[in-house]
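>>> here is my input; please provide its structure:
(chains A, B and C, ligands or ions: 1)
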Amino acid sequence: MNPFLAAALFIILAPVVGVLITGLDRILTARMQGRVGPPVLQPWYDIRKLFQKKQVAVWGAQSFFIFCYLIFIIFTGALFFAGGDILLVIFAFTLGHVFLVLGAYVSYSPYAHIGAERELIQLMAVEPMIIIVAIGLYQVNDSFLVGDMINHPGLPILLLPGVFLGFIYILTFKLRKSPFDLATSHHAHQELVKGSTTEFSGFTLGMIELAHIYELVVMLGFIWLFFGNNLFLSAVAIVVIMVLEILVDNCTSRVRWQDAITSAWFVTLVAGAGNIFALSIM
Amino acid sequence: MSYLQKSPWIIHYDASSCNGCDIEVLACLTPLYDVERFGILNTGNPKHADIFVITGGVNEINREVVKNIYEQMPHPKVVVAVGICACSGGVFKECYNISGGVATVIPVDVYVPGCAARPESIIDGIVQALKILEQKRIALKTTVEGTA
Amino acid sequence: MELLIFLILFPLLIAGLLAVIQAEHVRRAVVISGAVLVGIASLVALAFSVTSQAVFYSVPVNNIGILVFIGDILISGYIIFVSLKARQYVVTGITVIQLILLCAVEYLALTNHAHIPELFSDQLSGIMSAIIGVIGGLICVYALGYMREYHAEHPDRPDTRPRFFGIMFLFLSAMFGIIFSNNLLWLFFFWEITTLCSYLLIRYPNTDEAIKNAFRALLFNLIGGACIPIAFLVILLTGESELIGLHELVSAGPGLALIPAGLIAVAGLAKSAQFPFSSWLVGAMVAPTPVSALLHSSTMVKAGVYIIARFAPVFEGELIGILIALIGGITFLAASAIAISQSNAKKVLAYSTIANLGLIVACCGVGTAEGLWAAILLIIFHAIAKSLLFLSVGTVEHQIHSRNIEDMSGLVTKMPRITMMILIGIAGMFLAPFGMLISKWASLHAFVESVPPFGILLVIIIAYGSGITAFFWAKWMGKLIAVGEPQQKDESHIPGSEKSILYILSALTIVVCFGFPVISWYLIEPWLLTMYQSVTELISLSNIEIMFMMLFLVLIMPFSLARFTRSATRVPRYLCGIPESETMVFTGSCGIKREIELSNYYLDTIFCEKRISRISVGIGIFLIVLILNIIIVGGGL
Ligand code: SF4
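All right, here's what the predicted structure looks like:
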C-alpha cells in the first residue's frame, strides 16, 4: 500500500478502531464485575463531551505540552502504519511520552507531580523491552522497516516466543492497566486522585484520551508484527491478548513502583534479551 | 442529545453526612444499579467532573472545601444535593456547626430528598441534572458567542 | 599545510601572552581575538579537509624529534616535582616508569629512524579541529565573564587568572597537536601536555578537595598514558619503525597494529573516563565550570575517544575490539544509572558525559563502518550540546547560587531565555529527533549486525541505558518548567558575553541537527570510504526526511503556544479541596499554613551511586586486565 495512504488511513481509522476496542473493553470489564456496562461508543461520547467543556488549567502551558503529546503519538502511529523504520517509531513514541510527562510537571501540583514521576518510571520500565522487540523483529526479518515486517511469509513469533512474552508483560504498562497503572488509572478513588492527569480538564483531557486511543492501536499493531502476513492469526492474537489484559486488570491490585520496574526489567532480561541473544548465536 | 448528556462524570463529596447517603451513592455504582450504563463515572477529581454529587449538611470546616471543589470544576457544571441533610440540613439543621444545606454555600440545581436517599432517586436526580447541564451548555455557548 | 602549524603554535603564542598580561581589559581583547582567530582557522582546516584527501606534512626543522623528547622529559620532570612535593608517591612512581620507557623508545627510535611525516590532516582531523577551535574558543570567551564572577564569589581563593587563561589556550594548542599528529611520538607529547593541563586546571580552586581530585585525574591519566610508550616499544621491537606513524600503523592492518592499537586504546579509555577510570572526571567537577566544559565536553575526553576512533578499523571483528566495546557499553549503562541518583547538576552532567563517551567507545570498539559513523556523529553532537549545558548551568549557578537541580524549580519564569537554552541542550542529549538520538539509532543499527553474539549484548545494554537516560533528563526538564509561583523575571545580571556564547551554542545545536546529513555526506562518508574502501548507505533518505519532519514539528511547536494560553481559565491546583490561600500555600489541618514542596525521585535504593560504581569498576578492571592479558599473550605468540 502507498505509505501516505496508509498513514492517512491510520489517522482516520485508528480512532474508530480504538474507540470500539476501548468500548468493548469497558463492557467486558463490566461483565466480569457482573454489571451491564456502558454503550460500545461510550469512549467516543466521553471524548466529544470533553471537547465541549470549558477549560481550566493551573498554567496555560499545560495544554501546549499535551497538544505536542497528541501530535507525536499520531505521528508515531502514522510512521508505523506507513511502514517506516521501527526504531524511529519507538523514539518518536518516547518523545511523545516525554511531552505528556512535561505537561504533568508544569502544574506543580503534588498529585500531578507524583503522577509525572511515575509516568517516567513506567517509561523507563518499558523502554528496554520495546527496543528489544524491534531488534528481535530485525533479526527475523533482516530489516528495520515495518513495511517489510508485515510481509514476512512465516510466523516470526515462532522464533521470538520470549520477546513476545516480554512484550505482553510490558503491554500492561502501556495500556495503563492494573497492576501497572501507576501513573494514572481508569478507576476512581486512589491515592493519587488521577495521577498525571489530575490537573487537566476539558479539551486538554480530551486530547489525552484521544492520544491514548491512538496509542492503543499502535501497541496492538506491534502484536501484528509477530505474525507476519498472517492477518487471521494476528487478529485472533490481538483479541486473546486484549481479553487476557482485561482479565488481569480486573483481578489484580496495583503494585508498588519498585516491584513494577524490577519485575519488568527482569522479564525483559530473561525472556526478551535471552531470546534475541539465543537468536544471534544460532 | 448532546455528548454532555451521554457522558456525565461525577465527583462525590461527603460534606459531613452520616455516611448513610454516601453508601447509597456508591450503591449506584454496584452491579444492581450500574450507572455506568448511562456513561456515568465517578472521577474523584473536580477538574474532570461535570456533576457535583454532595451529601450532608456542610459544616463550618468543610464549607471552604465545598466552595473550592465547586470552583475547580470546569463549566458547564451542575450540583446535585443528595439526602435531606444536603437539601436543608435535615436532623442536623440546628447543630451549632451545620450551615444547613448545600444551597447555603454553592448554588444547587437538583435536590434529591430522602433519609437516606434511595439509589433510584439518586439516579433519577442525576438524570434530571443532565437536562439542566444541557441547558447550561447552550446558555454558555450563546453568551460566549454573544460576547465574542 | 602551514595551517596545521599555525593551529598548534598560534594558541601557544596566545597562551604565552596571556600568562604575562595582568590588565583585565587587555586580557579580554587578547582572549576574544585569539578565540576568533583560532575558530576561523579551525573552520578553514575543516573546509580544506572536505575537498582534499589526507594531507601529510613534514616539519622542515632538523632534529625536531629531539626537541619533542626534551619536552617530554620536562613534563615528566615537572610532574615528578609536584608529586614529590605533595607526597603523591604513586604518581611519581608511574611518571618515572613512563620516563624510563620513553628513554628506551627514544633510544630505539634514534638508532633506526624511519622518516615519516609528523603531521597530517584528513576529514576526521578537520571535524575534530572545528570542534576544538570553535567550541573551545567559545568556552574561553565565556570564561572571561565567568571567572570574574567566580572570584567575586570566592574572595578567599587565589586569583591567578593570567595563568588560568594561559593554560586554557595551551590546552587548545595541545589538542590541535593531538589531532594533527601523524607521528605517534608527537601525539604522545601532546597527550602528556593535556594531562598536565587538566591537572593544573582542576587544582585551580586550590582547596584540599581540588588538589586531591587533581592528583587523582593525573594518576589515572598517567596510568593510561604509560601504555603508550609500551605500544611504541612493541612497534619498534617488531622492527617496522615507520609504523610509528599513525596512518601507517592503521593501514598496516590488525596483524601488525592490533597490539599497539590495543595498548593505545587503553590510554584512550583512561582519558575518556571509562570505568574503571571514571572517577577522575567526576572529581574534576570541583574546577570552575568553564574548565569542566572544556575538559568534559569538547576537548580532553574527546582526545581519548578520538584515538580509539582512529584505530577502530583495526579493531573490527577482533576480540580486543569487542572487549573495548564492552567496557564502553557497561560504562554507558552504569554511568547513566548513577546519574539518576544525583541531584547536583554538574554531577549529572559529569555522569552523562561518561555515559555518552561510553557509547562512543562502544561504537568504535566494534569497529564497523556504521559504528564509526555513529561514533563521529556522537562526538559532534555531544561536544556541542554538552558544552551548552555546562555553560548554562554555570550561568544559573552564579544567579541562584546553587548547583542543585531541586533549586532550579520553576526557573522558566525567572530566567526564561537561559532555561530555554538548557532545554535545547537537554533535548539535544536525549530526545528524538535531536542529534544524540540519531546517533543512538545508528549505533543500534551498527551493533545488531556486528560480531554476534557480542553485538546483541551491546544492543541489550543500550536498550536498558536509553530508558534510564530518558528518566534522568526528563525529570530535570520537568523541574525546570514546573512553576509553583511565578518568579520575577531576572536575567539582567548575566554578563553579555556569557549570554551571547550561550545563544551561539544553542544555535549551533539546532544547525547541526539540521545539517547532519551534510556533515555525513561531505565529511564522514568520504573518510569512511578511505578507511573501509566500501561503505553502504548509512541512513536512508526517507529516514532523514522523517527526522526533519519531527525536528520541524518540535521547533514550530512553541509558536502555537500563544493560542492555548489564552483559552484556559486559571484555577488553583487540586489539593483535595483544601483551598490554596496564596499560590504555594495551603491551609492544612488545624488551620496550619503549609507550603507545597515537591521534589524529584532519585530512586537511590535501586540506583545507589556507591554500589553501582563499585560493581562497574570491578567489571572494568576485569575487562582491562583481560585486554592486557590478551595483548601479552598475543605479543608472546
Ligand atoms: S439524609 Fe439521612 S442518611 Fe443522608 S446524610 Fe442525612 S442523616 Fe444521613
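>>> mind listing what residue 19 touches?
No chain in the question, so chain A it is. A:41, A:43, A:44, A:47, A:213 (CB atoms under 8 Å, 6 or more residues apart in numbering or on different chains). All C-beta atoms are positioned from the backbone trio N, CA, C, and that covers glycine.
>>> actually it's chain C I care about, not the one you picked
Residue C:19 touches C:162, C:163, C:165, C:166, counting by CB under 8 Å, 6+ apart.
>>> check it and give its pLDDT.
Here, the pLDDT recorded for residue C:19 equals 84.
>>> that one should be in a strand, yeah?
No. Counting by DSSP: H, G, I helix; E, B strand; the rest coil, residue C:19 is not part of a strand but helix.
>>> quick check: residues of chain B near chain A?
Within chain B, the positions lying close to chain A (CB under 8 Å from any CB of the partner chain) are B:2-4, B:6-7, B:9, B:30-31, B:34, B:36-39, B:41-45, B:47-48, B:50, B:72-76, B:137, B:140.
>>> max-length helix in the chain?
The chain I'm using is chain A. As assigned by DSSP state H, the longest helix anywhere in chain A is helix A:110-141.
>>> please go with chain C instead
Per DSSP H, chain C has its longest helix at helix C:369-400.
>>> anything in that one near chain A?
No. For helix C:369-400, no contact with chain A is found by CB under 8 Å from any CB; the gap never falls below 12.4 Å.
>>> what separates that helix from the chain centre, distance-wise?
Centroid separation between helix C:369-400 and its chain, computed with CA atoms, centre = their mean, to the nearest Å, is 7 Å.
>>> mind listing what's buried along that helix?
The neighbour-count check on helix C:369-400 (16 or more other CB atoms under 10 Å in any protein chain shown) flags C:369-399 as buried.
>>> centroid residue for chain B?
residue B:53 (2.4 Å; CA atoms, centre = their mean).
>>> what sits against that residue?
B:10, B:11, B:12, B:13, B:25, B:80, B:82, B:122, B:126.
>>> isn't there a strand covering it?
Yes. Under three-state DSSP, residue B:53 falls within a strand.
>>> and for residue C:540, the neighbour number?
12 (other CB atoms under 10 Å in any protein chain shown).
>>> quick check: the gap between residue C:177 and residue C:60.
17 Å (CB to CB, to the nearest Å).
>>> kindly apply the preceding question to residue C:46 instead.
Taking CB to CB, one finds residue C:46 at 25 Å from residue C:60.
>>> quick check: pLDDT value at residue C:226.
In this model, residue C:226 carries a pLDDT of 87.
>>> that one contacts residue C:96, correct?
No. In this structure, residue C:226 is not within contact of residue C:96 by CB atoms under 8 Å, at 10.4 Å.
>>> neighbour count: those two, which is higher?
Using other CB under 10 Å as the criterion, residue C:226 and residue C:96 rank with residue C:226 on top: 20 against 14.
>>> who are the contact partners of the more buried one?
C:94, C:97, C:98, C:101, C:267.
>>> on that earlier part again, make CSV from the contacts of residue B:53 and add distance to residue A:68, neighbour count and secondary structure to it.
Output for these, formatted as CSV (distance: CB to CB, whole Å; neighbours: other CB atoms under 10 Å in any protein chain shown; DSSP: H, G, I helix; E, B strand; the rest coil):
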residue, distance to residue A:68, neighbour count, secondary structure
B:10, 31, 25, strand
B:11, 29, 24, strand
B:12, 34, 23, strand
B:13, 34, 24, strand
B:25, 38, 26, helix
B:80, 37, 26, strand
B:82, 41, 30, strand
B:122, 41, 25, helix
B:126, 36, 24, helix
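>>> quick one: mean pLDDT for the longest helix of chain A?
90.
>>> the next helix or strand after it - contacts with which helices or strands?
Next along the chain after helix A:110-141, taking DSSP states H and E as the criterion, comes helix A:146-149. Using 3 or more CB pairs under 8 Å, 6 or more residues apart in numbering or on different chains; DSSP states H and E, the elements in contact with helix A:146-149 are helix A:86-106, helix A:110-141.
>>> other residues contacting the next helix or strand after helix A:146-149?
Next along the chain after helix A:146-149, taking DSSP H and E as the criterion, comes helix A:156-159. For helix A:156-159, contacts defined as CB under 8 Å, 6+ apart pick out A:136, A:137, A:139, A:140, A:141, A:149, A:164, A:225, A:226, A:227, A:228, A:279.
>>> and the stretch 351-500 of chain C, which residues reach chain A?
C:409-410, C:431-433, C:437, C:440-441, C:444-445, C:448, C:452-453, C:455-457, C:459-460, C:462-464, C:466-468, C:470-471, C:474-475, C:477-479, C:481-484.
>>> mind checking how far the closest residue to the ligand within chain B is from residue C:592?
Proximity of chain B to the ligand (CB to the nearest ligand atom) peaks at residue B:20, 2.7 Å away. Distance of residue B:20 to residue C:592, given as CB to CB: 32 Å.
>>> now the helices: where do they sit in the stretch 301-450 of chain C?
Using DSSP state H, counting those that start in this stretch, the helices found in the stretch 301-450 of chain C span residues C:319-340, C:345-366, C:369-400, C:411-414, C:416-430, C:435-449.
>>> in chain C, which spans are strands?
Remark: strands assigned in chain C by DSSP state E are C:55-57, C:119-121, C:569-570, C:585-587, C:593-595.
>>> mean pLDDT for those: which is lowest?
The lowest average pLDDT among the strands of chain C, as it happens, falls on strand C:569-570, at a mean of 72.
>>> what strands line up against that strand, and which way round?
strand A:56-57 (parallel) (DSSP bridges).
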